[in-house]
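[1] I'll drop the sequence and a predicted model, then ask my questions.
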Amino acid sequence: MKDWTEELKEKLADHMVEPPQDLWADIEAALDQPKPVKRALRLAWLWAVAACALLLLGVALPMLKDEPSAPVLAESQLPTAVVSPEKQAEDQAETEEPAQPQTPSLPQTAVRPLQTALAVLTPKEEEKQPELNVVKEEPVAETAVKAEDKVAEATPQLTVEEAEAVLRDLLAQQEAEAEQPETLRRAIAFNVFASNIPLPSLSSGNDLVYFDPPMSSPGNPNGGVPGFGDSDGSNLPEEQTRSFGSSDLTPTLAAAHHKQPIKVGVSFSYPLTDRWSVEAGLTFSHHSSDLVYILNNRNFNLEQTLRYVGIPVGVRYQLYDLKSVGIYLTAGGAVEQCISAQREITWPEVMPTELRDHIRELRPQFSLFGGGGVQVSFTKAVALYLEPLLTYYIDNHSSTVNIYKDKPVNLDVRIGLRFNLK
Amino acid sequence: MQSLSDEQLLDKMQRGDRKAMGEFYRRLAPYLTAVCRRYVAESEDVRDVLQDSFVKMFTSIGSFRLTEEGTLKAWATRTVVNHSLNFLRQRRHLEFVDERMADDIPDEEMQGRSFSAEQLQLAIEQLPTGYRTVFNLFAVDGYSHVEIAKLLQISPSTSASQFLRAKALLKEKLLKEK
C-alpha cells in the first residue's frame, strides 16, 4: 500500500504557481547592477580602520596635551642676539631693576646659557626690540625675561668677548641641532601601520586585484583540500561523504584567486645609536581566496578566509635626515600564526547548500623582509612614513593553500604613523 | 528558443545570452515559485528569495556542468531550496519547537481520499515554519533525516520528530478541509 506522502510528493513534483509580477524585470535589473563589495572585505576594512583610529586616539591625545611651550620662548629670544655691544653699559644702567625671585618655570637648561649671554649683551631693549614686547605678553616669557635679568645681575664679571664666544658656540650648536630633526634620532617610537591595502576594491568588488598563481601549490601537487582526503566527512551530506571518504578521490586544485591580504599592526622602535634602531611589533592580517577544485570531473568552489597574528622584528638604519624628511633602510623577519581558517564550500551541481567549516593550520609562517622607508615629520612627536618592503615567505610545508605559497615573494607597501615617545 | 534542449540552453546562458536566461526563467519560474512558497510563507519574501536565487544561478552558471537529463531543473530546485533555507535562518524563522502534537490519525484514514496539488500546497504553507521545512525537505524534496540534520544544524532525531508532528498536523488540516 502506497503511503499518502508518496502521493503528495508526486502531485507536488510538477506543481506550478504563477511567479510574482515583474520578477523577471527585477532580475534583469539586478544582473545589470555592479557586484557589491564583499561583506567580509568591508568588515575587515571597518575593523582595520576602527583599530587604527582607536590606537591613534589613545596615543596622540596624551602626547598633544604634553606639548611643551618652551621652544617658542627659545625661538623668540634668538632675534635679540644681534645687538650692538656698545649700548651694553648705558642700557644696563637704565634698565636695572630689583632682582625677582627665581620661579620654577625657568626656560630649559639648553636655553639658559644663551640667555646668560643675551643678558650681558642686550639688557632690556624694549623700544628697539618689539619682538620682546610680544614675548612679554606670555606669562612664561615674562618669567623668562625676569629670570634673564636676574642672571644678568648675577654675572656682571662676564666680559663682552667671553659672552660673544659663548653666544657663537651656542648658535653653532643650535644650527647643528636644527639640521637634524629630533623626531628620528635617539627617540623611542610607537608605530601604527597598515600594508597591502587593496585600494581599488573600495569602490567596487569588480575591481579586486587578482593574482595568477600556478594551478597547484608547491610541495602539494594536488593542492588537496586539507582534511578532505582523510576526512570522516562529518560536515558533508551522505552522498559527498562517500565521495570524499575514498582516498583515491582527492580533489585537485584547478584555480586559485588570492585577494590582496590586508595587514594592520603596531610596533615599537628603540634607538641603539644615532643611525641604528631595533623594532618589534604585532600584526594582524586577513587573507581571502577563491579556490576552484575538481573532483570526479566536477568543479566545486571554495571560499577560504585565513587570519594571522604575527610578530615582526627588524633593524633600521637612518640614511639621511633633511629637516623634516628622513630616509632609511630596514630589514628583518617575522613569524605569523594562523588563528582562524574558515572555508565555505559551494558545489552547485551536487550540494544544495553552502557548507562552512573550519580547518586547523598549526604551522607557523616565517618570512624575511627588506626595503626602504621615507618619513615626513609633522611635529616633533608625529610623523607619517611609507615603507616599500620586499618580503619572502618561507614555505612551511603545510597543505593550506594561501598567497604565501603561490607568491612567496611579495611587495608590501606599508604606510603608517610614527609617534615619538621620548 | 523554446525548442532548445537543456544542453543548448545552458550553453547559451554560459555565453551570457540574456534571451536564453529569459527562456530559462519562463520554463522554470512557475515550478520554482511553487517550491519557494512551500518553504517561505510571505509573498514578498518569496519574491526576494526567488530574485536572489535566479541572480545567483545566472552569475554562477559558468561552473555548472550538465551530466544527465533533468539536472538543470534539479540544480535550480536545489538553489531555490538553499536560498529559502538561508533566508529562514537569517530571519531566525527556523525554530524547531515541539508544538501541540495533533491527534495521530491513522494513515489508513487518508486512503481513498484525493487532494489536489493546490490543496496540498496550501496546507503545507500553513504549517509552522520548523514543521514545514522538515516536512518539505523529507517528504517532498527527498532528503534523509541525517542530511536534514546537517543542513539545519539539528539532530536527526529532532528532524524525525518534527516530521512526524508535521505529518500529523497536515493530516488533520487536510481532513478538516474535506
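    Yep, that arrived.

[2] show me where chain B has helices.
    For chain B, applying DSSP state H gives helices covering B:6-14, B:18-39, B:43-59, B:71-90, B:117-125, B:129-135, B:145-152, B:156-177.

[3] buried residues in the third one?
    I take that to be helix B:43-59. Within helix B:43-59, the residues scored as buried using 16 or more other C-beta atoms under 10 Å in any protein chain shown are B:45-58. The way it works is simple: take the backbone N, C-alpha and C, and place the C-beta from them, glycine included.

[4] Just to check, residue B:172 is in contact with residue B:105?
    Yes: applying C-beta atoms under 8 Å as the test, residue B:172 and residue B:105 come out as touching, 6.5 Å apart.

[5] rewinding a little: make JSON lines out of the helices of chain B and add distance to chain A and mean pLDDT.
    Output for these, formatted as JSON lines (distance: least, C-beta to the nearest C-beta, whole Å; pLDDT from 0 to 100):
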{"stretch": "helix B:6-14", "distance to chain A": "12", "mean pLDDT": "89"}
{"stretch": "helix B:18-39", "distance to chain A": "4", "mean pLDDT": "94"}
{"stretch": "helix B:43-59", "distance to chain A": "4", "mean pLDDT": "91"}
{"stretch": "helix B:71-90", "distance to chain A": "4", "mean pLDDT": "88"}
{"stretch": "helix B:117-125", "distance to chain A": "4", "mean pLDDT": "90"}
{"stretch": "helix B:129-135", "distance to chain A": "9", "mean pLDDT": "91"}
{"stretch": "helix B:145-152", "distance to chain A": "5", "mean pLDDT": "85"}
{"stretch": "helix B:156-177", "distance to chain A": "7", "mean pLDDT": "86"}
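
[6] Deepest in the core, which of the ones you listed is it.
    Highest mean neighbour count among the helices of chain B (mean count of other C-beta atoms under 10 Å in any protein chain shown): helix B:129-135, with a mean of 24.

[7] middle-most residue in chain B, spatially?
    In chain B, the C-alpha nearest the mean C-alpha coordinate belongs to residue B:35, at 4.0 Å (C-alpha atoms, centre = their mean).

[8] wait, that residue sits on residue B:77?
    Yes: the pair residue B:35 / residue B:77 is scored as a contact, 5.8 Å apart, by C-beta under 8 Å.

[9] follow-up on the earlier one: nearest to residue A:367, out of the helices of chain B?
    Taking C-beta to C-beta, helix B:43-59 is the member of those nearest to residue A:367, at 36.1 Å.

[10] got the angle between that closest one and helix B:71-90?
    In terms of direction (axes from the mean of the first three to the mean of the last three C-alpha atoms, to 10 degrees), helix B:43-59 departs from helix B:71-90 by 130 degrees.

[11] Show the average pLDDT along stretch A:365-380.
    Per-residue pLDDT over stretch A:365-380 has a mean of 89.

[12] Please identify the buried residues of that stretch?
    A:365, A:366, A:367, A:369, A:371, A:372, A:373, A:375, A:377, A:380.

[13] out of those residues, who's nearest chain B?
    Among the buried residues of stretch A:365-380, residue A:365 lies closest to chain B (C-beta to the nearest C-beta), at 30.3 Å.

[14] who's in contact with that closest one?
    Applying C-beta atoms under 8 Å, 6 or more residues apart in numbering or on different chains to residue A:365 gives the contacts A:308, A:310, A:335, A:336, A:337, A:338, A:393, A:394, A:396, A:404.

[15] Could you report the neighbour count for the second one?
    Looking back up the chat, that one is residue A:310. Residues near residue A:310, counting by other C-beta atoms under 10 Å in any protein chain shown, number 19.

[16] Next: residue A:272.
    Per other C-beta under 10 Å, the neighbour tally for residue A:272 reads 11.

[17] Residue A:329 now?
    For residue A:329, the tally of surrounding residues (other C-beta under 10 Å) stands at 15.

[18] try the one 3 residues further on
    Neighbour count of residue A:332, defined by other C-beta under 10 Å: 18.

[19] Secondary structure element holding it?
    strand A:325-346 (DSSP states H and E).

[20] Residue A:325 is in contact with residue A:383, isn't it?
    No: if you go by C-beta under 8 Å, residue A:325 and residue A:383 don't touch, sitting 9.5 Å apart.

[21] neighbour count winner among those two?
    Ranked by neighbour count (other C-beta under 10 Å), residue A:325 and residue A:383 place residue A:383 first, with 23 against 14.

[22] ok, the more buried one - contacts?
    A:183, A:184, A:324, A:326, A:375, A:376, A:377, A:417, A:418, A:420.

[23] what are the C-alpha coordinates of the host helix or strand of the fifth one, in PDB please?
    So that's residue A:375. Taking DSSP H and E as the definition, residue A:375 sits inside strand A:365-377. Presented in PDB, the C-alpha positions along strand A:365-377 are these (Å, rounded to 0.1, in the frame of the first residue of the first chain):
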ATOM      1  CA  GLN A 365      54.800  31.000   8.800                       C
ATOM      2  CA  PHE A 366      58.200  32.600   8.700                       C
ATOM      3  CA  SER A 367      59.200  35.400   6.500                       C
ATOM      4  CA  LEU A 368      62.100  37.800   5.800                       C
ATOM      5  CA  PHE A 369      61.800  41.300   4.600                       C
ATOM      6  CA  GLY A 370      63.900  44.200   3.500                       C
ATOM      7  CA  GLY A 371      63.400  47.600   2.000                       C
ATOM      8  CA  GLY A 372      63.500  51.300   2.500                       C
ATOM      9  CA  GLY A 373      61.400  54.000   4.100                       C
ATOM     10  CA  VAL A 374      60.600  57.600   3.900                       C
ATOM     11  CA  GLN A 375      59.400  59.600   6.800                       C
ATOM     12  CA  VAL A 376      57.800  63.000   6.900                       C
ATOM     13  CA  SER A 377      57.500  64.700  10.300                       C
END
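
[24] just checking, next helix/strand downstream of it?
    Counting by DSSP H and E, the element after strand A:365-377 in chain order, helix or strand, is strand A:382-393.
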